[in-house]
Each structure stands twice: as C-alpha cells, then as structure tokens.
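1. Give the three-dimensional model of this entry:
(one chain, ligands or ions: 2)
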Amino acid sequence: MTSTAAVSQKSTTPLRGTVRAPGDKSVSHRAMIFGAMATGTTTVAGLLEGADIMSTADAMRAFGADITKDKDGVWHVVGCKDGFQSPKHAVDCGNAGTGVRLIMGAAAGYKVSATFTGDASLTSRPMGRVLDPLREMGAAFDVAPGDRLPVTLKAGAALTAIDYTPPHASAQVKSCILLAGLNAAGTTAITEPTLTRDHTENMLKAFGVKLTAAKRGDGQVVRMDGGQTLKATHVIVPGDPSSAAFLIVAALITPGSDIIIENVMMNPTRTGLFETLTEMGGYLRSDNFRTSGGEIIADIHVKHSPLHGVTVPPHRAPAMIDEYPILAVAAAFAKGRTVMDGIGELRVKESDRIAATEALLSSNGVNITSHESGMTVIGGDTPRGGAVVKTHHDHRIAMSALILGLGCDAPVRIDDASMIATSFPSFFDIMTRLGAVIETSA
Ligand SMILES: O=C(O)C1=C[C@@H](OP(=O)(O)O)[C@@H](O)[C@H](O)C1
Ligand SMILES: C=C(OP(=O)(O)O)C(=O)O
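-> Ligands and ions are numbered 1, 2, ... in the order given. From the prediction side, this is the model:
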C-alpha cells in the first residue's frame, strides 16, 4: 500500500448524525474461511470490505474456493471441492494476524503444503503461539528460528486432537486449534482461563458443527470431535464494536456532540470498552436490541460528556483488547488517572501498542507512563497537539491519533493513513459526515 499522511483539527462544531458501523472484522474473516471449508455456497451479507478481509478472501481462493460479490453487495463463497488444495504461490495475508493464524490452523488439517507471509508488521509478529500447538497435533513447518513469517506448512501429516490451555488469552489461538481440530483424530479440548471472543464457537455451530462450551470460572472449556464437515450457510455480519469505538470516543470528547451508531454487535466478549467509558462518566445508551445472524446488535446513542479517570480491571482486557489505544485517548480528556494493566498482549499487535500509544500521547502533550504490561494516563487538560505521529503500519494507532487531534489545540498529523483501510475503509467518510475535520494530506 502507498502511504498517505493525514491530519485532524480541533472540532469547533459538535459531531452530529446517525451512522452505521462497518461490518465486524473478526466475523468477516471467519465467514470467508469457514465458507471456504464448507460444502456448498455460503452467502455473506454486510461483509467488511477492508484490506485484511480481502487478503483472507484471496488466500481462500488460493486454496481453491471461488469467491465473488453480487450486484446487491452479497458475497458468495463456494467451498473448496475435496477440501483445501495446495496453493501455487505463497499466501500473502497482508497485515492480518487473525487471517494468517486462523488459515494456518485450517490448512494444517488438509495435508497440503503452503507458504504463508505478510507485510512488514505481520512478518514481525509471533507465530509460535499457533505453530506450537499445531506441532503438538502433528503438523510440520519450515520456519526460521523465532517462529516469524514466512512459514511453510509441510504436506502429509495426519493430525491428532490435543487438550490445550493457551498460555495467552487469545481468540486467534483458540480458533486456529479448533479449525485444525475439525480434521484431527479425536476430541479437541481448549481450556480458556479467561473467555475470549467466541465468534468461532458461534459460527462453527451455524455451519452445522457440534461442539460444547462449558463455563469454568471466568473462562470456559470448549470440546469438539474431529471429522466433522461444515455445511454452507447464510452469514449476516454485524457492525464492528472495535470500529464504533473511534466514533464513540470522538463524540465523547467533542463539546455538544450527539450521535447515533446503528447496528453495533453487543456480544459481551467484545463490549469491555463500552462498560469502561460508561464508568468514566460517558453518556452511552444502547437501545433497539435485536438478534441478527446469531449475534445481539443494538444502536448506540452517544453525547459529549465530562469524563473522569478509572482503573480498568485487568480481567476485562480480552473483551476490549483492541480498544486500549482509543481508551488512552479518551483518558487524555478524563480528569485524573486512568490505569490500564494486564495488557502485555498489546506489545505483539500490528505494532507495540503500548509504546506507540505512549509516543502518540506524550508527543502531543499528554501525561502518560508505561511499564511492560500496562500504561497510566493522567488527563483533564486540553492537550497541546501539534505532533506528527508514527503509526508503524497500525490502523488503530492511526485512527486513535486522528481522534486525539479533534480535541487538541494544534492539529495532529500521522505519517501514514493507508492502514486504516485494513479495518475501517469508510473511516474518513463517516467522520466527515459527522462533522469532523480530518483529511488526508500530501
Ligand atoms: O480472533 C480474532 O478475530 C481477534 C482476536 C484478537 O487477537 P488475539 O487472539 O491475538 O488476542 C484481536 O486482537 C484481533 O483483532 C482479532
Ligand atoms: C490486532 C488486530 O488485528 P489482527 O491481529 O488480526 O492483525 C486489530 O485489528 O487490532
């Protein structure tokens, strides 16, 4: 992707209007992958047409799926005939950790060979967290020491189910093992000490797979027999709460704002930020609750609010893991101290998000400190702004910086806005429609 700089200005008018959240990224990846694994044609409405999902769709085509979009915007995924086939070229998963980790799990079950790679950010992220359990199941890989991409899956191994407790709270690891387990001998069991997003479990059931998820403490044990086939279904993708987060914080910090975001997924494994912002004094009212495509969705009404700092309970981290950079921005406008702990996983996202968030806030005059697995913001004064923020190929850092600029005295610039298209291609359009001054610049 070519990089484009962008800048946001202090909002002198309130944000107003009703907008629709873009399709959820996690659900969209899964719709493409599960559709490719299924027999028959899966239809997908409301797909997030972000770059991450387009990379996953291309990867599924490389393994033999036929994927097209019709004139009404509905995607059709014709499952691979006789399972995944070995791709002719390396599979480039772009910027998407979810894409590559889930696809490696799915592919490991089919006795195919494939080389996986990605962009500068993805090739620096740890893959051992999925390669280790897949090796335990019997898969073999060629990979340089350190377990980074590129990774080559070697053909031929028959998999055996494992009973696994992931060392990190990770829906990607859980999902990778479950997808491999579909074609493994025996019963795959995964114990999660803390529950992570459960879209894989929900969607596998929608594709006709039998599995059980039994609550255990704050977590669960998922069990699934191998040798099950997925049957094509119709997927309706709900709006992404992680994208809605940017619009919500923008409205909370801009005086006079009053906005409605429609169609937001309210799955409790994803709504930790909404809970936290409400505790901080934010006006967030969800109504019109309904069920669509097996998920609860609602419309969220947000008004500008005076915020105060809070301590975020570490056990809430999995339910808002992608939202800490934008929470730190909200914390810059909240009176007092906001403490975020138990978030060491942020070090291995698209960028080191603790370091990137600290740089983004401190360079714009906000008081922030950090340690290995946490950060603390002391907020309340209008930030100075005026910095050019390095985004490190990270869409969430890019959007967080631009939202910060809406409340700073001087404009906030970012070095590269191109990655925003991975998860929220309509970000600029929607923000402009709400009345924000955010522009790409040369
Ligand atoms: O399963 C998923 O769709 C995701 C899981 C999370 O990653 P981890 O599993 O690494 O926590 C999250 O950060 C990512 O944006 C999407
Ligand atoms: C961490 C993220 O995604 P992924 O791991 O799929 O790259 C994210 O979208 O914030």
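
2. now Arg30, what's its secondary structure?
-> Secondary structure, DSSP: H, G, I helix; E, B strand; the rest coil: Arg30 is helix.

3. Show me what the helix or strand hosting Leu178 is packed against.
-> Element membership for Leu178 (DSSP states H and E) is helix 171-181. Where contact means 3 or more CB pairs under 8 Å, 6 or more residues apart in numbering; DSSP states H and E, helix 171-181 is packed against helix 25-37, helix 97-108, helix 128-137, strand 187-192, helix 199-206, strand 219-225. Quick note: C-beta positions are derived from backbone N, CA and C, even for glycine.

4. what about those, which gets the closest to ligand 1?
-> helix 25-37 (3.2 Å; CB to the nearest ligand atom).

5. Around Gly138, count how many other residues there are.
-> 17 (other CB atoms under 10 Å).

6. Run a quick check on it versus Gly156, I expect a contact.
-> No - with contact defined as CB atoms under 8 Å, Gly138 does not count as touching Gly156 (9.8 Å).

7. quick one, what contacts the residue of the chain most remote from its centre?
-> Distance from the centre of the chain peaks at Gly156, with 32.0 Å (CA atoms, centre = their mean). Counting by CB atoms under 8 Å, 6 or more residues apart in numbering, Gly156 touches 111, 140.

8. For the protein, which residues are neighbours of ligand 2?
-> Residues of the chain lying close to ligand 2 (CB under 6 Å from any ligand atom) are 25, 96-98, 322, 349-350, 396, 423.

9. mind running it again at 5 Å?
-> Contact residues, the chain versus ligand 2 (CB under 5 Å from any ligand atom): 96-98, 322, 349.

10. export those residues to a markdown table and tack on pLDDT and neighbour count?
-> Shown next, in a markdown table, are the residues of the chain next to ligand 2 (pLDDT from 0 to 100; neighbours: other CB atoms under 10 Å):
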| residue | pLDDT | neighbour count |
| --- | --- | --- |
| Ala96 | 98 | 27 |
| Gly97 | 98 | 22 |
| Thr98 | 98 | 21 |
| Asp322 | 98 | 23 |
| Lys349 | 98 | 21 |
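
11. quick one: the helices in this protein?
-> With helices called from DSSP state H, the chain shows them at 25-37, 51-62, 97-108, 128-137, 171-181, 199-206, 241-253, 272-279, 324-332, 353-362, 395-405, 420-423, 427-434.

12. Average pLDDT for the second one, rounded please.
-> Same thing as helix 51-62. Helix 51-62 shows an average pLDDT of 98 in the prediction.

13. In terms of secondary structure, what does it contact?
-> Packing contacts for helix 51-62, counted by 3+ CB pairs under 8 Å, 6+ apart, involve helix 25-37, strand 66-69, strand 91-92, helix 97-108, helix 420-423.

14. for the shortest one, same thing?
-> Packing partners of helix 420-423 (3+ CB pairs under 8 Å, 6+ apart): helix 51-62, helix 395-405.

15. For this protein, which element, helix or strand, carries the lowest mean pLDDT?
-> Least confident helix or strand, the chain: strand 438-441 with a mean of 90, by mean pLDDT, DSSP states H and E.

16. That one: partners in the sheet, and parallel or antiparallel?
-> Using DSSP bridges, the strands paired with strand 438-441 are strand 5-8 (antiparallel).

17. Residue of the stretch 301-442 of the chain nearest ligand 2, please.
-> Counting by CB to the nearest ligand atom, the stretch 301-442 of the chain gets nearest ligand 2 through Asp322, at 3.7 Å.
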